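Colleague: Could you look at this predicted model? Sequence included:
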Amino acid sequence: MAVMDIVHYGDAILRKKCKPVKQFNGIERLLDDMFDTMYEADGIGLAANQVGLNLHLFIIDISHTEEVEEPFIFINGEIVGSEGECDYDEGCLSIPGVTLNVTRPESIDFKYQSQNGEWSRKTFSGLAARAIQHEIDHLNGVFIVDRIQEIDKMFIQSELKDIEAQSKEESKTRQTLTRYNF
Ligand code: NI
């Protein structure tokens, strides 16, 4: 088990469009560590660039809601359709202490690969759809703060500045993630 450092708002890797995963060998170790990291931080979703890796994958665990039983692993995922619209208060491990009401489609048609590289396509709604869209945003370099009105951003400006300053400090000391060999 290894808990990784979570990268915070202000770090350049969180503004990058992540690269597709091409090699699935040895990916379990990274996924295990990402789960450890997410649980340690009390999160329900975590994208690879949030732990400093430019890879198109994320994990979600909403099994506490009884909507689903198993944690999800989504690799090279793509939203291929969506329906409806709803509001929900979202938090983000990369923007600690900030919760924002975000409008998104209610259900999505989503295709993705498993850790074995197998493709699936499924419709998700409720919290699962919400969490998937949040994480896909991360892999495209988009934050919840980009999804709200400019005027609402004013209210969190000082929090964002603090997180950004902290993030700059962290990036100076962050170690290169060499333990994942792909
Ligand atoms: Ni987030």
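Modeller: That came through fine.

Colleague: which residues in the protein form helices?
Modeller: 27-40, 126-139, 150-153, 157-173 (DSSP state H).

Colleague: Redo those as CSV? Include mean neighbour count.
Modeller: (C-beta placed from N, C-alpha, C; glycine too.) Conversion of the helices of the chain to CSV gives the following (neighbours: other CB atoms under 10 Å):
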stretch, mean neighbour count
helix 27-40, 17
helix 126-139, 22
helix 150-153, 9
helix 157-173, 13
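
Colleague: which residues touch Pro71?
Modeller: By CB atoms under 8 Å, 6 or more residues apart in numbering, Pro71 lies in contact with Phe35, Ile59, Ile60, Asp61, Ser63.

Colleague: In terms of distance to Phe124, which of the residues you listed ranks first?
Modeller: The closest of those to Phe124 turns out to be Ile60 (CB to CB; 9.8 Å).

Colleague: low-scoring stretches of the protein, by residue?
Modeller: 176-179, 181-182 (pLDDT under 70).

Colleague: which residue lies farthest from the center of the protein?
Modeller: Most distant residue from the mean C-alpha position of the chain: Ile151, 25.0 Å away (CA atoms, centre = their mean).

Colleague: one step back: with Pro96 as the reference, name the closest of the helices of the chain.
Modeller: Shortest distance between Pro96 and the helices of the chain, using CB to CB, is found for helix 157-173: 6.9 Å.
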